[in-house]
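> After the sequence you'll find the predicted model.
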Amino acid sequence: MEADASSGRSARLEADPLAQKPGRSRGRQEQRCLYSAGYGEKKERNIMGFVDYATEGAVGIITINRPQALNALNSQVLDDLNTVLDNVNLEETRCLIITGAGEKSFVAGADIGEMSTLTKEEGKAFGKKGNDIFLKIETFPIPVIAAVNGFALGGGNELSMSCDIRICSDNAVFGQPETGLGITPGFGGTQRLARLVGAGMAKQMVYSALNIKADEAYRIGLVNAVYPQAELMDQAKKLAGRIAMQAPIAVRAAKAAINEGIQTSISDGVRIEEEQFGSCFETEDQKEGMANFLRKKDDPNKVKHVAFKNK
């Protein structure tokens, strides 16, 4: 949950229990946000804040847009991200990409200016806010890809780890530098990092406030692939598009089975898989997908890509 010191202080929404801290203003007031009205169709909508949303076909793209602060996470950014997630059209959108605005930073961390004056209870509330949103991403019904285009430090690394898949540009830097600021990771870093790269490497990174470059992140399994920065978003969209072409109910079921099963024993995990596997056989997508595959027995030329209906 480390932060960018240059970000200054920003305010929270009035409903936030920490909003009464003095000296915080909302800053940027409004930006345009694109929401999908259907496949390939775009509809403009205005929202407050620092998070942009656009759609390209069945792929949604969330951009943390606070480049003057290296996209650092303050309360407003977290609230805006939560609002965008709540407004994703799950009937039409089959995969999400999360990235950062600009060429330097995915998310440089949580906002040090905001955190520096928090009390114990306020710190706990801030951690809960981030954790609740990142858990929402982790358990989001559809797959989420982190396209890490630069610094992913503290809260930025924690955000990327809440996504299903992480790919990054060759200038990306990952780390949990919080112990150098007198705090622990607070948005799930102590938990997800150990699960992804193993307890030993996670402890080394957290205890020593160690930052690592893209190639090392790939070596330890923190990211799935590294691309030149100019190619990152195209590669992210390509992967998201391929996911979006598959049967969406089956993809959601597979995500649920992996996420739930990995938290339990293998014997319990396969029971979870059995339930998800069986549920697919009452869908139209399963019937059409298998029927299309079997057509090649009669005539290979009849086999075509199935436009799955999400039913």
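Sure thing, it's come through.

> in this structure, which spans are helices?
Ranges of helices in the chain, per DSSP state H, are 75-86, 112-115, 120-138, 155-161, 189-197, 199-208, 214-219, 229-245, 248-261, 266-279, 284-294.

> Tell me which of the ones you listed sits most buried.
helix 155-161 (a mean of 31; mean count of other C-beta atoms under 10 Å). No exception for glycine: its C-beta is placed from N, CA and C like everyone else's.

> Could you give the separation of that one from the chain centroid?
8 Å (C-alpha atoms, centre = their mean, to the nearest Å).

> What of stretch 246-260?
With C-alpha atoms, centre = their mean, you get 16 Å for stretch 246-260.

> likewise stretch 231-249?
14 Å.

> Just put the helices of the chain in CSV and tack on mean pLDDT and distance to A101.
CSV is the format used below for the helices of the chain (pLDDT from 0 to 100; distance: least, C-beta to C-beta, whole Å):
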stretch, mean pLDDT, distance to A101
helix 75-86, 96, 11
helix 112-115, 92, 19
helix 120-138, 97, 18
helix 155-161, 98, 13
helix 189-197, 97, 23
helix 199-208, 98, 26
helix 214-219, 98, 19
helix 229-245, 97, 12
helix 248-261, 96, 27
helix 266-279, 96, 36
helix 284-294, 88, 36
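
> quick one: contacts for Q263?
Q263 sits next to no residue when contact means C-beta atoms under 8 Å, 6 or more residues apart in numbering.

> Next one: I98 from I137, what distance?
8 Å (C-beta to C-beta, to the nearest Å).

> how close does the residue positioned nearest the centre of the chain sit to T190?
Nearest to the geometric centre of the chain sits C163, at 3.8 Å (C-alpha atoms, centre = their mean). For C163, the distance to T190 equals 18 Å [C-beta to C-beta].

> can you check Y53 too?
Applying C-beta to C-beta to Y53 and T190 gives a distance of 30 Å.

> can you check A244 too?
The value you get for A244 to T190, if C-beta to C-beta is used, is 33 Å.

> ditto for A247
36 Å.

> Look up how far G123 lies from the nearest residue to G109 once chain neighbours are set aside.
Spatial nearest neighbour of G109, chain neighbours left out: G154 (3.4 Å); criterion: C-beta to C-beta, 6 or more residues apart in numbering. For G154, the distance to G123 equals 14 Å [C-beta to C-beta].

> and if you look at D215?
Taking C-beta to C-beta, one finds D215 at 34 Å from G123.

> Now do the contacts for G150.
If you count contacts by C-beta under 8 Å, 6+ apart, then G150 has L70, G100, G102, E103, K104, S105, F106, S169, N171, A172, V173 around it.

> Mind doing that once more with 6 Å?
Going by C-beta atoms under 6 Å, 6 or more residues apart in numbering, G150 touches K104, S105, F106, N171.

> what's around the third one, how many residues?
Counted with other C-beta atoms under 10 Å, the neighbours of F106 add up to 30.

> Please apply the same query to the second one.
Number of residues near S105 (other C-beta under 10 Å) recorded here: 27.

> same check, this time on the last one
Residues near N171, counting by other C-beta under 10 Å, number 18.

> backbone phi and psi for it, please?
Note on N171: its backbone torsions stand at phi -100, psi 10 [degrees, to the nearest 10].

> circling back to that earlier point, test my guess that the residue nearest to G109 contacts A108.
No. Applying C-beta atoms under 6 Å, one finds G154 not in contact with A108, separated by 7.8 Å.

> Check the contact lists of the two and give me the overlap.
With C-beta under 6 Å, 6+ apart, G154 and A108 have no common neighbours.

> Show me the chain divided up by domain.
5-245, 248-302 (automatic domain parsing).

> Mind putting these into a markdown table with distance to N310?
Below are those laid out as a markdown table (distance: least, C-beta to C-beta, whole Å):
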| stretch | distance to N310 |
| --- | --- |
| domain 5-245 | 7 |
| domain 248-302 | 5 |
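
> And those domains: which comes nearest F308?
F308 sits nearest to domain 248-302 of all the domains of the chain, at 4.5 Å, using C-beta to C-beta.

> now the closest one: how far from the chain's centre is it?
Per C-alpha atoms, centre = their mean, the centroid offset for domain 248-302 relative to its chain is 24 Å.

> for stretch 155-166, same thing?
6 Å.

> now for that stretch, what's the gap between its first and last residues?
15 Å (C-alpha to C-alpha, to the nearest Å).

> which residues touch that stretch?
1, 73, 106-110, 134, 137-138, 143-146, 148, 152, 174, 187-189, 192, 223-224.
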